[in-house]
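**Q** Below are the sequence and a predicted model; questions follow.
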Amino acid sequence: MVNSNQKGKRGERELAEVLRRHGYDGARRGQQRSGVDQPDVIGGPDGWHIEAKFVERLNIWAAWAQAERDAQGKLPMVAMKRSRSGWLAVVPLDVLLGLIRLADPTPVEGGPE
């Protein structure tokens with residue numbers, strides 16, 4: 001059985017690698033040790049706080065509360081993965097819809113202009 005702490009570190013490294021593949025060349029694990037408190041992954045998208053979770057069962061509400069608490073003015077995101085699956089991300093719905101609108105600015109009938 002894999003130590004959960006080691007699995008978490010491996011997940012953070014995997015997530016940093018995903019971010020690097022998407023052009024965030026400086027993405028890497030943050031430092032979590034006495035006296036140094038960084039996000040799980042640093043060097044990713046500017047303005048985002050990413051909480052990485054690599055677990056088989058996740059209490060998403062607890063993970064979300066942690067991301068919001070630690071975001072310090074940044075947009076919170078929970079990036080999650082379990083064994084033999086891809087990464088998923090949880091972000092505020094309004095933010096996601098805004099990003100979709102930026103990607104496809106075609107007016108939506110009855111929607112905001």
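**A** Everything's here; your move.
**Q** Identify the residues contacting the strand or helix carrying residue 51?
**A** Taking DSSP states H and E as the criterion, residue 51 maps to strand 48-54. Contact with strand 48-54 is made by 7-8, 10-12, 14-15, 39-41, 44, 63, 66-67, 70-72, 74-82, as judged by C-beta atoms under 8 Å, 6 or more residues apart in numbering. (Glycine included, C-beta is placed from N, CA and C.)
**Q** Sheet-wise, list the partners of that strand with their directions.
**A** strand 75-81 (parallel) (DSSP bridges).
**Q** next one: the partner strand to chain centre, how far?
**A** Strand 75-81 sits 3 Å away from the centroid of its parent chain (C-alpha atoms, centre = their mean, to the nearest Å).
**Q** Dump it to PDB, restricted to CA.
**A** In PDB, the C-alpha atoms belonging to strand 75-81 read as follows (Å, rounded to 0.1, in the frame of the first residue of the first chain):
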ATOM      1  CA  LEU A  75      -9.300  32.100  -7.700                       C
ATOM      2  CA  PRO A  76      -9.600  28.700  -6.100                       C
ATOM      3  CA  MET A  77      -9.400  25.400  -8.000                       C
ATOM      4  CA  VAL A  78      -9.400  21.800  -6.800                       C
ATOM      5  CA  ALA A  79      -7.600  19.500  -9.300                       C
ATOM      6  CA  MET A  80      -8.300  15.900  -8.400                       C
ATOM      7  CA  LYS A  81      -7.300  12.500  -9.700                       C
END
